[in-house]
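> structure for the following, please:
(2 chains)
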There are 2 protein chains.
Amino acid sequence: MPEPLDSLRRLVPADRIVTDSDVIASYAHDEAEWAPYGAPAALVRAGSTEDVRAVVTVCAEQGVPIVPRGAGTGLSGGANALDGCVLLSLEAMDEIVEIDAAERLAVVQPGVVNDALRLACAERGLWYPPDPASAPWSTIGGNVATNAGGLCCVKYGVTRDYVLALEAVVGRGEVVRLGRRTAKGVAGYDLCGLMVGSEGTLGVITEVTVRLRGARAPEHTVVGYFDTLQAAGEAVAKVTAAGIVPSALELIDRHCLRAVDAWRNMGLSADADVLLLGRTDLPGESGEAEADAMARLFKEAGATWSARSSDEAEADALFAARRLAYPALERLGPVLTEDVCVPRGLVPEMLTRIEAAAADTGTHIANIAHAGDGNLHPLIIAPAGDDAARVRAQRAFDRIVADAIALGGTVTGEHGVGLLKRRGLHDELDPAVIALHHAVKDALDPAGVFNPGKVFGTP
Amino acid sequence: MPEPLDSLRRLVPADRIVTDSDVIASYAHDEAEWAPYGAPAALVRAGSTEDVRAVVTVCAEQGVPIVPRGAGTGLSGGANALDGCVLLSLEAMDEIVEIDAAERLAVVQPGVVNDALRLACAERGLWYPPDPASAPWSTIGGNVATNAGGLCCVKYGVTRDYVLALEAVVGRGEVVRLGRRTAKGVAGYDLCGLMVGSEGTLGVITEVTVRLRGARAPEHTVVGYFDTLQAAGEAVAKVTAAGIVPSALELIDRHCLRAVDAWRNMGLSADADVLLLGRTDLPGESGEAEADAMARLFKEAGATWSARSSDEAEADALFAARRLAYPALERLGPVLTEDVCVPRGLVPEMLTRIEAAAADTGTHIANIAHAGDGNLHPLIIAPAGDDAARVRAQRAFDRIVADAIALGGTVTGEHGVGLLKRRGLHDELDPAVIALHHAVKDALDPAGVFNPGKVFGTP
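Numbers count the residues shown, from 1 in each chain, chains lettered A, B, ... in the order given. As a prediction, this is how the structure comes out:
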């Protein structure tokens, strides 16, 4: 039987193939600490579409699973190694190929880091909106593979809304271009949109063309302190019901504030049990009015303190704390990350159910949330090595998933299914819909080599 | 061999099945006058999802093609009958099921007319943006099937951007729900988005959940008169390059203005050879400034006259003329409708090439365009019964398609492929991409009954 490594060595430059087991081990999983991972056969750090084509061709011929990955910041195990797989890292393909200001688009290789693209756009007066909290590290390829969300989604949509075209290696090694460079287009099926969020199960993305927006007006920030999660949730529901579409609306609870304080000594947890951060980027007086309205609605919902931030440096520090919440909590022990999304008006109810799940299972649950679009991230923490705590955490996780589905929500708002949410996916989707997934997967991956078993595989 | 009609009569209420040949004939084609159509076996006017399920089940069992249709306003022949098909009209399923102001979404049956939904939303201070020129007649189901565009796409996107969820009858009669009601969600493939724009080839849509926006600020209108298409095209390029995103930017040439005048006596063609209509809906002073900037850029591009409209009734009349252009031209003879879309900056070049195609082929070509997103509608007119003119018109059509592809554009920006653009689709897409389409089609339509041969079938 041919060995994939022997064949790859004939097709891929030697310095692109990594066999050092310590290095391979460091690439074998993403940030989903609870998801299992296997032992890869090899790691290829692709430097070109041609390298990717070679890997796909060899693996399709020999039936070897391919696990593509970007920076490995995923939170669902989507990039975790399978036994005997070829790990295909795209991080070295990190060139910004083109930024076209007049057509408001950029063409990038998949390994470009999100913040690097955002910075390059900003230098030209342009803006690439999708801003996952992982933006300083995560890559556009990974963002596209998971259809990543972020803080500004509540107003500006998710990664899929910005992907105009893709180059991908599919099937048994065909290089295809999907989508278009024009503002509109309906020539054929939206296979480009289908690839977005498919978590590496339909092919490997080798180039991305994204839509850009013009730079926006400076944001106004509104800060609210609350004594309870429910009151903060009510504030979110009130903002939504008032027809306000903030440019961000983030919730951070006391557990997260304390974790950030313990790490970075920011002194946040002294004042508030729950912090709600709203932003508006409407220009001029409209922005002032919208910020004032949010501050008033926070108060009406029971904020103990609420005001427009007069100091944008302070406001930025609060948002930085929001982005640091996850790594700060990880320092306290393995974190089982939830990502449920419920209708906006049911945010208070879902927060209540999360607290009940924590109490009933005896688990420690911290909360951060893209509250404005109903996307909650309860973070379930279990001390390392405590097996009983781990069992309780898994029980809380399953209960939160079930509650989200019961409220008409989804098991994953932006992190993806990967390995952690496969059971939830089967709970959420009808068997007839799962059958459609299998039909599409089998049709587009005839060799069955693209990240097999992830997303909708049998849990 | 069983007859589909006999089986249908056992499953569908009698008053839903139409066999009157005159009535059937009136449903046998859409507005694409040049596209061929066949003789249907029957017409079913579905009243419920159950009726649709019955039709799909019977047709899948018996291998009978199903051609779904809404109002029949399509311009590519996508709803044209195939010989022996069951025409499945969804127009009677016209209930607005729900408008949820807090969650900013609406649930509608596919036969709801676009303007009816927009009106119902407006009464609640909400806005459903997609506004094809056919909005007074076309249905949401048809809009979804073709991923319809419209005037406001340049700022607010197309139908797909507003479809949150669908109910559809697929495969051999399975009723499935795709998508979600939450603001975000990445549980599985975007099969909902895949259905949008699939022109009835993957199933029949029986319910649509759309995302809504809040009512927006009143628009300011800017009117520009130009002597040449090129000058108007330059104005479009200048507006784009200045980073302005108008809420509409429409072009109407002298042929269209004259046709509207001849029909409705609006007196438009006396003043301008080419009319450019810009709009902005930025609130307050920002809107005033953006309108002034557009008027200035129109002048810089060579407008013979350009100004902000001080009279919104007059502005509305100009936009009404824009919407009337197509039916006005149809009165002059069979219209072969183009729908190419090119990068915004290449609008002047594409307009030049269209004029050259008209001159070189000796055809009469009128132009309307969603100029702001590069989506041009050259309308090729051939007198009825003049076979030589028809040959010349087809030559002009093919040349415009080739030019659009050469400029990095697409053969269809918003009308869909249907029958008319099948050859163009094969010119635009790589054979490997066509193969992916066939794989998806075969996977999701195992009985091969959903609008077979449309879109990417062999021309």
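
> near chain B, which residues of the stretch 1-150 of chain A?
Counting by CB under 8 Å from any CB of the partner chain, the residues of the stretch 1-150 of chain A close to chain B are A:Ala101, A:Ala102, A:Glu103, A:Arg104, A:Gly125, A:Thr146, A:Asn147, A:Gly149. Bear in mind the C-beta positions are built from the backbone N, C-alpha and C, glycine included.

> by pLDDT, rank these and give me the bottom one.
Minimum pLDDT for the residues of the stretch 1-150 of chain A next to chain B is recorded at A:Ala102 (90).

> tell me the contacts of the residue of the stretch 251-400 of chain A found nearest chain B?
Going by CB to the nearest CB, chain B is nearest to A:Asp373 of the stretch 251-400 of chain A, at 3.6 Å. Shown in contact with A:Asp373 (CB atoms under 8 Å, 6 or more residues apart in numbering or on different chains): A:Gly149, A:Cys153, A:Val154, A:Leu249, A:Cys341, A:Arg344, A:Gly413, B:Thr182, B:Ala183, B:Lys184.

> what number of residues lie near the fifth one?
This means A:Cys341. Using other CB atoms under 10 Å in any protein chain shown, A:Cys341 has 30 neighbouring residues.

> repeat that for the third one.
Using other CB under 10 Å as the criterion, A:Val154 is surrounded by 27 other residues.

> which of the helices or strands spans it?
If you go by DSSP states H and E, A:Val154 is part of helix A:153-156.

> check what contacts that helix and list those residues.
The contact list for helix A:153-156, computed with CB under 8 Å, 6+ apart, reads A:129-130, A:213, A:245-249, A:281, A:370, A:372-373, A:375, A:414, B:183-184.

> what about the nearest residue to A:Gly38 once chain neighbours are set aside, distance to chain B?
Excluding its sequence neighbours, the residue lying closest to A:Gly38 (CB to CB, 6 or more residues apart in numbering or on different chains) is A:Asp83, at 3.6 Å. Separation of A:Asp83 from chain B (CB to the nearest CB, to the nearest Å): 25 Å.

> returning to that earlier point: please report how far the residue of the stretch 251-400 of chain A closest to chain B lies from A:Lys155.
Shown here: A:Asp373 relative to A:Lys155, a distance of 9 Å by CB to CB, to the nearest Å.

> these two touch, right, A:Ala122 and A:Ala215?
Yes: with contact defined as CB atoms under 8 Å, A:Ala122 counts as touching A:Ala215 (6.8 Å).

> what residue in the stretch 51-200 of chain A comes nearest to chain B?
For the stretch 51-200 of chain A, CB to the nearest CB, closest residue to chain B: A:Ala183, 3.6 Å.

> now that residue, what's its secondary structure?
coil (DSSP: H, G, I helix; E, B strand; the rest coil).

> list the contacts for it?
B:Cys153, B:Val154, B:Cys341, B:Arg344, B:Asp373, B:Gly374, B:Asn375.

> so what's A:Asp271 closest to, chain neighbours aside?
Closest residue to A:Asp271 in three dimensions, ignoring its sequence neighbours and counting by CB to CB, 6+ apart: A:Tyr225, at 5.8 Å.

> for chain A, state which of the contacts of A:Ala183 is nearest.
Checking these one by one against chain A (CB to the nearest CB), the nearest turns out to be B:Asp373, at 3.6 Å.

> what stretches of chain A score poorly on pLDDT?
Low-confidence regions of chain A, defined here as pLDDT under 70, cover residues A:1-2, A:458-459.

> domain parsing for it?
A:96-214, A:220-407 (the TED database).

> from the middle of its chain, how far away would the last one be?
Read it as domain A:220-407. Relative to the chain's own centre, domain A:220-407 is displaced by 17 Å; criterion: CA atoms, centre = their mean, to the nearest Å.

> shouldn't A:Asp83 be within a helix?
No: assessed with three-state DSSP, A:Asp83 is coil; it does not lie in a helix.

> ok, now how distant is it from A:Leu249?
Between A:Asp83 and A:Leu249 the computed distance is 43 Å (CB to CB).

> try A:Leu11
For A:Leu11, the distance to A:Leu249 (CB to CB) stands at 49 Å.

> who has more neighbours out of those two?
A:Leu249 (28 against 15).

> quick one, phi/psi of the residue of the stretch 251-400 of chain A closest to chain B?
Dihedral pair for A:Asp373: phi -110, psi 20, per degrees, to the nearest 10.

> next up, the contacts around the residue nearest to A:Asp253 when sequence neighbours are not counted.
Closest residue to A:Asp253 apart from its sequence neighbours, by CB to CB, 6+ apart: A:Asn367 at 4.2 Å. Going by CB under 8 Å, 6+ apart, A:Asn367 touches A:Leu229, A:Leu251, A:Ile252, A:Asp253, A:His255, A:Cys256, A:Leu351, A:Ile354, A:Leu376, A:His377, A:Pro378, A:Leu379.

> next step: those restricted to helices.
A:Leu229, A:His255, A:Cys256, A:Leu351, A:Ile354 (DSSP state H).

> redo those as CSV? Include neighbour count and distance to chain B.
What follows is the ones in helices among the contacts of A:Asn367, written out as CSV (neighbours: other CB atoms under 10 Å in any protein chain shown; distance: CB to the nearest CB, whole Å):
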residue, neighbour count, distance to chain B
A:Leu229, 23, 19
A:His255, 22, 23
A:Cys256, 26, 20
A:Leu351, 27, 15
A:Ile354, 25, 16
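
> of these, closest to B:Thr209?
A:Leu351 (24.7 Å; CB to CB).

> right, and that closest one touches A:Leu376 too?
Yes: in this structure, A:Leu351 is within contact of A:Leu376 by CB under 8 Å, at 7.1 Å.

> which residues are in contact with both of the two?
With CB under 8 Å, 6+ apart, A:Leu351 and A:Leu376 have common neighbours A:Asn367, A:Ala369.

> is any part of stretch A:238-248 close to chain B?
Yes: with CB under 8 Å from any CB as the criterion, chain B is reached by stretch A:238-248 at A:Thr240, A:Ala241, A:Gly243, A:Val245.

> compare those and tell me which has the most neighbours.
Neighbour-wise, these (other CB under 10 Å) top out at A:Thr240, 27 neighbours.

> can you list contacts of the host helix or strand of that one?
Using DSSP H and E, A:Thr240 sits in helix A:229-241. With contacts defined as CB under 8 Å, 6+ apart, helix A:229-241 is touched by A:224, A:226, A:246, A:249, A:251, A:253, A:274-276, A:278, A:294, A:297-298, A:300-303, A:344-345, A:347-352, A:354-355, A:367, A:371-372, B:101-103.

> kindly format the C-alpha coordinates of that helix as PDB.
Provided in PDB are the C-alpha atoms of helix A:229-241 (Å, rounded to 0.1, in the frame of the first residue of the first chain):
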ATOM      1  CA  LEU A 229     -28.000  38.800  34.400                       C
ATOM      2  CA  GLN A 230     -31.800  39.100  34.000                       C
ATOM      3  CA  ALA A 231     -31.700  42.900  34.300                       C
ATOM      4  CA  ALA A 232     -29.000  43.100  31.700                       C
ATOM      5  CA  GLY A 233     -31.000  40.700  29.500                       C
ATOM      6  CA  GLU A 234     -34.000  42.900  29.900                       C
ATOM      7  CA  ALA A 235     -31.900  45.900  28.700                       C
ATOM      8  CA  VAL A 236     -31.000  44.000  25.600                       C
ATOM      9  CA  ALA A 237     -34.600  43.100  24.900                       C
ATOM     10  CA  LYS A 238     -35.600  46.700  25.400                       C
ATOM     11  CA  VAL A 239     -32.900  48.000  23.000                       C
ATOM     12  CA  THR A 240     -34.100  45.500  20.400                       C
ATOM     13  CA  ALA A 241     -37.800  46.200  20.900                       C
END
